[in-house]
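Undergrad: have a look at this prediction, sequence included:
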Protein chains: 2
Amino acid sequence: MSPITPPGETRERIYRFVRRRILEGLPPTVREVKEAFRFRAVQTARQHLERLVAEGSLVKVQGKSRLYRLPGRVETLLVPLLGRVQAGGLQVAVEECEGYLLAERRGSEEMFALRVQGESMSGAGILPGDVVIARRQPEASSGDVVVALVGDEATIKTLRLSRDGIELHAENPDFGPIIPRPEECTILGKVVEVRRYLEGFA
Amino acid sequence: MSPITPPGETRERIYRFVRRRILEGLPPTVREVKEAFRFRAVQTARQHLERLVAEGSLVKVQGKSRLYRLPGRVETLLVPLLGRVQAGGLQVAVEECEGYLLAERRGSEEMFALRVQGESMSGAGILPGDVVIARRQPEASSGDVVVALVGDEATIKTLRLSRDGIELHAENPDFGPIIPRPEECTILGKVVEVRRYLEGFA
DNA sequence: TTGCATAACAGACATTTGTCTGGTATACTC
DNA sequence: GAGTATACCAGACAAATGTCTGTTATGCAA
């Protein structure tokens, strides 16, 4: 028999283990928890897990496999890193994406990522080669950094709402604002995160 | 019997279904696929899935539940987001970290994250409030952005190696270089990634 | 002591899930 | 026609997984 640990201590470690596994994208089975902690009885793992559910640290779906989740929608998901976004819209772009990034999810929104191409947002610390992660949404507020499809190409700019319609502002004095006609501009999403990889990860 | 669809058409739809489920964080079981497409035989779903694996659109782990994944799999890692780093070094700081970030794993190196505090690196697009992710290492090359402990406090600067020793350069004309005496400066790690959260995630 | 809580174990049962063998039907090619 | 490929179905087996009943041990408090 494993040594009996102080109340709650093992449970705390189990919580962290399960949490990590969930964040990594694959919640463990009861028996995987058992194995990880070298319990000799499945029930030991199960008791701890059920306690964690009872106290609200975890939630689960009865009777299904690998269905322990974190409460409050703090989950992760794989975000497709889009290559070239063209007029076809996002659907096609997602199909032929370059790869996937990990990101925290809030709610169940659809997210996508895009590589920054020019200097136009340098003033906001968004440099060429950076990756922006955006939540897909058709509208945004004044001041938001958005991914917009203007004519035939996706661009990243700061949105300004004026009484005449929308304006897309660069954050760089060398670039003037874009004031598109409504029919030639679609907001694809709002940028929620910027990442720069200084090493590796092309 | 369900109507027979053109070759590959159902499979294409199954691929999209599975991919979506994986991106959402919970790969489906074979029977969930069966149900979603209203097949009456599990085998029908399985055949399609196996074909997708055979042609490389999906990968899976034999015999385990919910183990269909996307190819080019992302290895993940939880990186401790350190609060205040002081002379004690990283050990203590990791103990009392503010939380964890998800990051792609590169090798098995120790990583840590730190919140940017001042304007001194603004010229390199590293702004106050950003989070830098660093690989722990005691040395770095000239030109690397590093996290260094100078005297009593952790700072993020660009490293320059001169014949007199090391120099820490800010990327902002308002800040002069720091030329520390060797014994009062320790390199904690090299910055490999910069993140900025434009929404939520304190 | 008794009672109660926690931690851990042993062994089983039941459901879910992955896998397999064999079948029917349609379409295409030779 | 025979042969082959695809799509789909039926039913079963087996492994993985969730769940349950009952047990021992330790510590704490009435």
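TA: Now that the structure is in, tell me what you want to look at.
Undergrad: tell me how many other residues surround A:E98.
TA: Other residues within reach of A:E98, judged by other C-beta atoms under 10 Å in any protein chain shown, total 15. Using the backbone N, CA and C atoms, a C-beta is placed for each residue, glycine as well.
Undergrad: next, work out how far apart it and DNA strand C are.
TA: 28 Å (C-beta to the nearest atom of the strand, to the nearest Å).
Undergrad: so what's that residue up against?
TA: By C-beta atoms under 8 Å, 6 or more residues apart in numbering or on different chains, the residues touching A:E98 are A:L81, A:L82, A:G83.
Undergrad: and the helix or strand the first one falls within, what does it pack onto?
TA: To tie it back to what came earlier, the one meant is A:L81. A:L81 is part of strand A:74-82 when elements are defined by DSSP states H and E. If you count contacts as 3 or more C-beta pairs under 8 Å, 6 or more residues apart in numbering or on different chains; DSSP states H and E, strand A:74-82 packs onto helix A:9-23, helix A:90-95, strand A:99-106, strand A:111-115, helix B:9-23.
Undergrad: looking at it now, give me its mean pLDDT.
TA: Mean pLDDT, strand A:74-82: 78.
Undergrad: are we agreed that A:T5 is in a helix?
TA: No: A:T5: not assigned to a helix; according to DSSP: H, G, I helix; E, B strand; the rest coil it is coil.
Undergrad: and it, what are its phi and psi?
TA: Backbone torsions for A:T5, taken as degrees, to the nearest 10, come to phi -90, psi 160.
Undergrad: just to revisit the earlier point, tell me which of the contacts of A:E98 is nearest to chain B?
TA: Of all the contacts of A:E98, chain B sits closest to A:L81, with 10.7 Å by C-beta to the nearest C-beta.
Undergrad: what angle separates the longest strand seen in chain A from strand B:185-197?
TA: Ranked by residue count under DSSP state E, the longest strand found in chain A is strand A:185-197. Interaxial angle of strand A:185-197 relative to strand B:185-197 (axes from the mean of the first three to the mean of the last three C-alpha atoms, to 10 degrees): 170 degrees.
Undergrad: strand A:185-197 and chain B, are they touching?
TA: Yes: with C-beta under 8 Å from any C-beta of the partner chain as the criterion, chain B is reached by strand A:185-197 at A:K190, A:V191, A:V192, A:E193, A:V194, A:R195, A:R196, A:Y197.
Undergrad: list the buried ones in that strand?
TA: Neighbour counts over strand A:185-197 (16 or more other C-beta atoms under 10 Å in any protein chain shown) mark A:C185, A:T186, A:I187, A:L188, A:G189, A:K190, A:V191, A:V192, A:E193, A:V194, A:R195, A:R196 as buried.
Undergrad: same check, this time on stretch A:10-19
TA: Within stretch A:10-19, the residues scored as buried using 16+ other C-beta under 10 Å are A:T10, A:R11, A:I14, A:Y15, A:V18, A:R19.
Undergrad: any regions of chain A where pLDDT drops low?
TA: A:1-3, A:73-75, A:84-95, A:106-108, A:201-202 (pLDDT under 70).
Undergrad: could you list the domains of it?
TA: Domain ranges of chain A: A:9-69, A:74-195, per automatic domain parsing.
Undergrad: ends of the shortest one, how far apart?
TA: Spelled out, that is domain A:9-69. Distance across domain A:9-69, first residue to last, is 21 Å (C-alpha to C-alpha, to the nearest Å).
Undergrad: stretch A:5-16 near DNA strand C at all?
TA: Yes: under the criterion of C-beta under 7 Å from any atom of the strand, DNA strand C is reached by stretch A:5-16 at A:T5, A:P7, A:G8, A:E9, A:T10, A:R11.
Undergrad: contacting residues around that stretch?
TA: A:V33, A:F37, A:A45, A:H48, A:L49, A:R51, A:L52, A:S57, A:L58.
Undergrad: please identify the buried residues of stretch A:49-64?
TA: Neighbour counts over stretch A:49-64 (16+ other C-beta under 10 Å) mark A:L49, A:L52, A:S57, A:L58 as buried.
Undergrad: which ones among these lie within helices?
TA: Among the buried residues of stretch A:49-64, the residues falling in helices (DSSP state H) are A:L49, A:L52.
Undergrad: most widely separated two among the buried residues of stretch A:49-64?
TA: Comparing every pair within those by C-beta to C-beta identifies A:L49 and A:S57 as the most remote, at 9.7 Å.
Undergrad: picking that back up, CA atoms only for the strand holding A:L81, dumped as PDB, please.
TA: Output in PDB follows, covering the C-alpha atoms of strand A:74-82 (Å, rounded to 0.1, in the frame of the first residue of the first chain):
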ATOM      1  CA  VAL A  74     -10.600  27.800 -19.500                       C
ATOM      2  CA  GLU A  75      -9.600  25.500 -22.200                       C
ATOM      3  CA  THR A  76      -7.100  25.300 -25.000                       C
ATOM      4  CA  LEU A  77      -7.500  24.800 -28.600                       C
ATOM      5  CA  LEU A  78      -5.500  24.500 -31.700                       C
ATOM      6  CA  VAL A  79      -5.600  27.600 -33.800                       C
ATOM      7  CA  PRO A  80      -5.000  27.200 -37.500                       C
ATOM      8  CA  LEU A  81      -2.100  29.400 -38.800                       C
ATOM      9  CA  LEU A  82      -3.400  30.600 -42.100                       C
END
